[in-house]
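Chemist: missing the sequence, but the structure's below:
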């Protein structure tokens, strides 16, 4: 038997999705859908990840009938899996459907029963409201003070509307007039891309003619129609007000909600700490927007944000303390669990063979680094089969090396360990059962 024959997942035939790095994306092309599917199929929904998702959904349901929602803050060191958690939460929330009929919840290998019960309760709440919607995106790293427009763009992209404020309002106006589909069809019938013409809203002849065709009283000429469009949906050079923000959010949610009702919605903002940076203005405006969303949308929208630090660790983040009262801290405790479940999990039929082989050579394994603080321990016997072909003592050796040579923590992060272990197991996968991952593979991986 070869090592790859003992593994549930042959590393040579199953490349690591995104090299272990989750990217929150709102695109729907074939590549991103394939990546999402791979991430769902390898999502280890247990430990801190399962607890965090349950805590967020439970809080939303508990506050759905109250006057406001509570925001959630996900924190953890760089690469601890925050983005992955947020991405999985987004798709589990709305049970994202794939072209072949599969759904996000059906693809996750193992979902705890407590979480399944919460998701069923969430579905019931969605049926009573306008459905379930989740919008997720990463905020740019301190590049703009237009906080409301930046957050609004995430919601607009998630529902398929232009992220630019004037163009989005124009599309919402067409929808309110019942003319959106007709206008889009008219532009495309003229041989133009509707999305491209939207970028030239004020000078687009096809759009002006489409609007006039839908409403004969709108303008007497194409030139007048263009002027009216610019006057009604003027360029937005500065940030909008909170009132304008809420008005568009309500229109968007009701547009996508069932029967014009507000859906149960999740607004996920990744990399918030990097976006705030050292700007007190961004911190206070983010707090203002979160409070408005939590209190003025009938408790149907919950904001979930993420950053590397706990809110009490950084002075500027204390602005957010009262708004984000649900705390989901991630630590490196899940790194071993994830690598065992994703990369090292054995086929049930091979477990006995692996155990018999390790028992046969237990003396050789025990002698490795014997007498040192990272030598074999009694606890190793419970995990040695799970870790194979990476031996527990070599995993600890790697961890100690990480701490010594990587004080910044850039390689001890979850995604780096996933990549390093994946590549190391792939190297030995064609070897017969009994081979192990060499300890010096870490050196070559970092080099």
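Modeler: Good, I have the coordinates. Small disclaimer: the values here were computed from a predicted structure and weren't measured.

Chemist: hey, let's count contacts and neighbours off CA atoms from now on
Modeler: OK.

Chemist: So for residue 85, what pLDDT did the model give?
Modeler: On the pLDDT scale, residue 85 is placed at 90.

Chemist: Is the closest residue to it other than its chain neighbours within a helix or a strand, and which one?
Modeler: Once flanking residues are discounted, residue 85 sits nearest to residue 49: 6.3 Å by CA to CA, 6 or more residues apart in numbering. Residue 49 belongs to helix 47-63 when assigned by DSSP states H and E.

Chemist: buried sites along that helix?
Modeler: For helix 47-63, burial by neighbour count (16 or more other CA atoms under 10 Å) applies to 48-50, 52-61.

Chemist: And stretch 24-40, by the same measure?
Modeler: Residues 24, 25, 26, 33, 35, 36, 37, 38, 39, 40 are the ones in stretch 24-40 that count as buried (16+ other CA under 10 Å).

Chemist: average model confidence for it?
Modeler: Mean pLDDT, stretch 24-40: 79.

Chemist: Residues in a beta bridge with residue 330, which ones?
Modeler: Beta-bridge pairing of residue 330 under DSSP bridges involves residue 76.

Chemist: how close does it get to residue 52?
Modeler: Applying CA to CA, to the nearest Å, the value for residue 330 to residue 52 is 9 Å.

Chemist: quick revisit: what two of the buried residues of helix 47-63 have the greatest distance between them?
Modeler: Distance extremes for those: the farthest pair is 48 and 61 at 19.9 Å, using CA to CA.

Chemist: Doesn't residue 32 belong to a helix?
Modeler: Yes: using DSSP: H, G, I helix; E, B strand; the rest coil, the assignment for residue 32 is a helix.

Chemist: Strands of the chain, start to end?
Modeler: Secondary structure of the chain by DSSP state E: the strands cover 71-76, 132-138, 264-270, 301-307, 324-330.

Chemist: Throw those into CSV and include mean neighbour count and mean pLDDT, thanks.
Modeler: Below are the strands of the chain laid out as CSV (neighbours: other CA atoms under 10 Å; pLDDT from 0 to 100):
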stretch, mean neighbour count, mean pLDDT
strand 71-76, 24, 90
strand 132-138, 24, 94
strand 264-270, 25, 95
strand 301-307, 26, 93
strand 324-330, 19, 90
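
Chemist: Quick one: closest of the ones you listed to residue 92.
Modeler: Once those are compared by CA to CA, strand 132-138 is nearest, at 9.3 Å.

Chemist: Neighbouring strands - and their directions - for that closest one?
Modeler: Strand pairing for strand 132-138, determined by DSSP bridges: strand 264-270 (parallel).

Chemist: Work out the gap between the strand it pairs with and the centre of the chain.
Modeler: Relative to the centre of its chain, strand 264-270 is centred 10 Å away, using CA atoms, centre = their mean, to the nearest Å.

Chemist: tell me the angle of it relative to strand 301-307?
Modeler: With axes from the mean of the first three to the mean of the last three CA atoms, to 10 degrees defining the directions, strand 264-270 sits at 20 degrees from strand 301-307.

Chemist: hmm, back to that, so what does the helix holding residue 49 touch, helix or strand wise?
Modeler: Judged by 3 or more CA pairs under 8 Å, 6 or more residues apart in numbering; DSSP states H and E, helix 47-63 is in contact with helix 82-94, helix 113-128, strand 324-330.

Chemist: got the angle between it and helix 113-128?
Modeler: Going by the same axes, to 10 degrees, helix 47-63 makes 30 degrees with helix 113-128.

Chemist: What average pLDDT does helix 47-63 get?
Modeler: Mean per-residue pLDDT for helix 47-63: 94.

Chemist: who touches that helix?
Modeler: 69-70, 72, 85, 89, 112, 114-115, 118-119, 122, 125, 299, 302, 326, 328-330, 334 (CA atoms under 8 Å, 6 or more residues apart in numbering).

Chemist: ok, for the most centrally placed residue in the chain, nearest residue in space, not its chain neighbours?
Modeler: What sits nearest the mean C-alpha location of the chain, by CA atoms, centre = their mean, is residue 87, with 1.9 Å. Nearest residue to residue 87, sequence neighbours excluded (CA to CA, 6+ apart): residue 24, at 5.9 Å.

Chemist: so residue 40 touches residue 88, yeah?
Modeler: Yes: A contact is recorded between residue 40 and residue 88 when judged using CA atoms under 8 Å, the distance being 7.0 Å.

Chemist: Which neighbours do the two have in common?
Modeler: Common contacts of residue 40 and residue 88, defined by CA under 8 Å, 6+ apart, are absent altogether.

Chemist: one step back: want to throw the strands of the chain into TSV with distance to residue 422?
Modeler: Converted to TSV, those look like this (distance: least, CA to CA, whole Å):
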stretch	distance to residue 422
strand 71-76	23
strand 132-138	27
strand 264-270	26
strand 301-307	27
strand 324-330	22
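
Chemist: Show me the one of those strands that comes nearest residue 369.
Modeler: Nearest of the strands of the chain to residue 369, taken as CA to CA: strand 324-330 at 31.0 Å.

Chemist: Which other helices and strands does the closest one contact?
Modeler: Using 3+ CA pairs under 8 Å, 6+ apart, strand 324-330 sits against helix 47-63, strand 71-76.

Chemist: Now render these as TSV, adding distance to residue 381.
Modeler: Formatted as TSV, those follow (distance: least, CA to CA, whole Å):
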stretch	distance to residue 381
helix 47-63	21
strand 71-76	30
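
Chemist: Of all those, which one comes closest to residue 179?
Modeler: helix 47-63 (35.3 Å).

Chemist: where's stretch 364-381 relative to the chain centroid, distance-wise?
Modeler: 39 Å.

Chemist: contacting residues around that stretch?
Modeler: 392, 393, 396, 397.

Chemist: Residue 426: which of the residues you listed is nearest?
Modeler: Closest to residue 426, out of all of these and judged by CA to CA, is residue 392, at 18.0 Å.

Chemist: Now that that closest one has come up, it's in contact with residue 383, right?
Modeler: Yes: with contact defined as CA under 8 Å, residue 392 reaches residue 383; the gap is 7.4 Å.

Chemist: Compare neighbour counts for the two and give me the winner.
Modeler: Per other CA atoms under 10 Å, whichever of residue 392 and residue 383 has more neighbours is residue 392, with 23 against 12.

Chemist: Would you report the backbone torsion angles of residue 215?
Modeler: The phi/psi pair for residue 215 (degrees, to the nearest 10) reads phi -140, psi 100.

Chemist: What's the local residue count around it?
Modeler: Counted with other CA under 10 Å, residues neighbouring residue 215 total 12.

Chemist: Also residue 400?
Modeler: If you count neighbours by other CA under 10 Å, residue 400 ends up with 14.

Chemist: Ok, residue 277 next?
Modeler: By other CA under 10 Å, 15 other residues sit near residue 277.

Chemist: swap in residue 182?
Modeler: Burial of residue 182 is recorded as 15 neighbouring residues (other CA under 10 Å).
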